[in-house]
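Visitor: 3D, please:
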Amino acid sequence: MLLLEWRHGSTPEGVTMSASRHLPASQILDTAAGPIEYAERGSGTPLIVLHGTPGGFDQGLTLSETIGTTAGIRLISISRPGYLRTPLEIAPGPRRQGALIGPLLDALGLDTAAVAGVSGGGMAALWAAATLPDRISSLILLEALVEAQDISLPAGARYLLTRRGIARAAVTAPVQRVLARGVPGPDAEGWDARAVVRSITASGFPFAPRLRGTESDTHYAAEFVAPRPELVTVPTLIVHGERDRTVPIGPARNLAGVLPRAKFVPIAGADHTGTVPSLTVRREVPAFVRAHAGEPVTVPRSE
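Guide: Numbers count the residues shown, from 1 in each chain. Presented below is the predicted three-dimensional model:
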């Protein structure tokens, strides 16, 4: 349920939250690495979601809207460092964010979990799989950034994104019709992918408490170095839209060709907005996570 109030504590210093954006309820988890904001949906095999750029735990929850809460998946969505109520200082950069999954699992009382990286969150997800193969049962990369790329905001975008009117306009019907082009309407079971697009769009706001994370991601994306393929030994599902211009499909396809245990699923006609709310993700992700539950691979590795 969406709530108007900001739950479980105060906002980051110097940040004013806008009441025009309803945020789902979240909690703060005290870990050995520091406080991490998170929220959960569903039950079953645990899946930790690392959201894109910009984002937050609320963006990660949109994956739960796609796969549903009865798919046998306990979806745990965190705010990556620098976003909302997770301090940037606990783990700046994808390599340190990947290692953060260990303390997160410990605090949740979990031995293993699957990890999903969406868009800009793919960088940290890759490093999590490379550095914690004994804790991660499978890796899911959705429209993921997997090699260095310029993702800097256009001139003036920072100012515009902090305006309240932009937040309201982003979820209006005309804007949503443009963003949801090619995304199907309700299916026979009543699931509506277009509603997920609306949630994804809304999860970029309020933008101010996501600014530090966005700037950090932009810096690290420009110089991102992925782990060596032989270090990513966990079963990996890579799903990417063939028409994605924001994060082009080529690097994802190339990565699938060199990872030891990768399954690559391109989505014909899907752009960056249309990947997560796709029927492909709805079917493939829970099946893959369940199939590899409790299947971490421990291998000797050298840095």
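Visitor: rest of the way, CA atoms for contacts and neighbours
Guide: OK.
Visitor: so where do the strands sit in the chain?
Guide: 2-3, 23-24, 27-31, 34-41, 45-50, 73-78, 113-118, 136-142, 236-241, 262-267 (DSSP state E).
Visitor: could you dump these to CSV with distance to F207, mean neighbour count and mean pLDDT?
Guide: Output for those, formatted as CSV (distance: least, CA to CA, whole Å; neighbours: other CA atoms under 10 Å; pLDDT from 0 to 100):
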stretch, distance to F207, mean neighbour count, mean pLDDT
strand 2-3, 18, 10, 22
strand 23-24, 12, 18, 83
strand 27-31, 20, 16, 98
strand 34-41, 17, 20, 98
strand 45-50, 18, 26, 98
strand 73-78, 17, 26, 98
strand 113-118, 18, 29, 98
strand 136-142, 22, 29, 98
strand 236-241, 26, 25, 98
strand 262-267, 29, 18, 98
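Visitor: in the chain, which residue is closest to the centre?
Guide: The geometric centre of the chain, computed from its C-alpha atoms, lies nearest to H51 (CA atoms, centre = their mean), at 2.1 Å.
Visitor: Contacts only, for it.
Guide: Applying CA atoms under 8 Å, 6 or more residues apart in numbering, we find H51 in contact with 57, 59-60, 77-80, 117-121.
Visitor: got a markdown table for these, with distance to A130 too?
Guide: Shown next, in a markdown table, are the contacts of H51 (distance: CA to CA, whole Å):
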| residue | distance to A130 |
| --- | --- |
| F57 | 23 |
| Q59 | 24 |
| G60 | 22 |
| S77 | 20 |
| I78 | 20 |
| S79 | 21 |
| R80 | 18 |
| G117 | 13 |
| V118 | 17 |
| S119 | 18 |
| G120 | 17 |
| G121 | 15 |
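Visitor: Any idea how many residues pack against the closest residue to T112 other than its chain neighbours?
Guide: If the residues on either side of it in the chain are set aside, T112 comes closest to R135, at 4.4 Å by CA to CA, 6 or more residues apart in numbering. R135: 24 surrounding residues under other CA atoms under 10 Å.
Visitor: pretty sure R135 is touching V115, no?
Guide: No. Using CA atoms under 8 Å as the test, R135 is too far from V115 to be in contact (9.9 Å).
Visitor: okay, the strands of the chain in a markdown table with distance to D106 next?
Guide: Converted to a markdown table, the strands of the chain look like this (distance: least, CA to CA, whole Å):
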| stretch | distance to D106 |
| --- | --- |
| strand 2-3 | 28 |
| strand 23-24 | 24 |
| strand 27-31 | 8 |
| strand 34-41 | 12 |
| strand 45-50 | 13 |
| strand 73-78 | 14 |
| strand 113-118 | 11 |
| strand 136-142 | 13 |
| strand 236-241 | 23 |
| strand 262-267 | 27 |
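Visitor: Nearest approach to A169 belongs to which of those strands?
Guide: The minimum distance between A169 and these falls on strand 23-24, with 16.9 Å, by CA to CA.
Visitor: my guess is S216 contacts G93, does it?
Guide: Yes. The pair S216 / G93 is scored as a contact, 7.0 Å apart, by CA under 8 Å.
Visitor: okay, those two: which has more neighbours?
Guide: Between S216 and G93, counting by other CA under 10 Å, G93 is the more crowded of the two (21 against 18).
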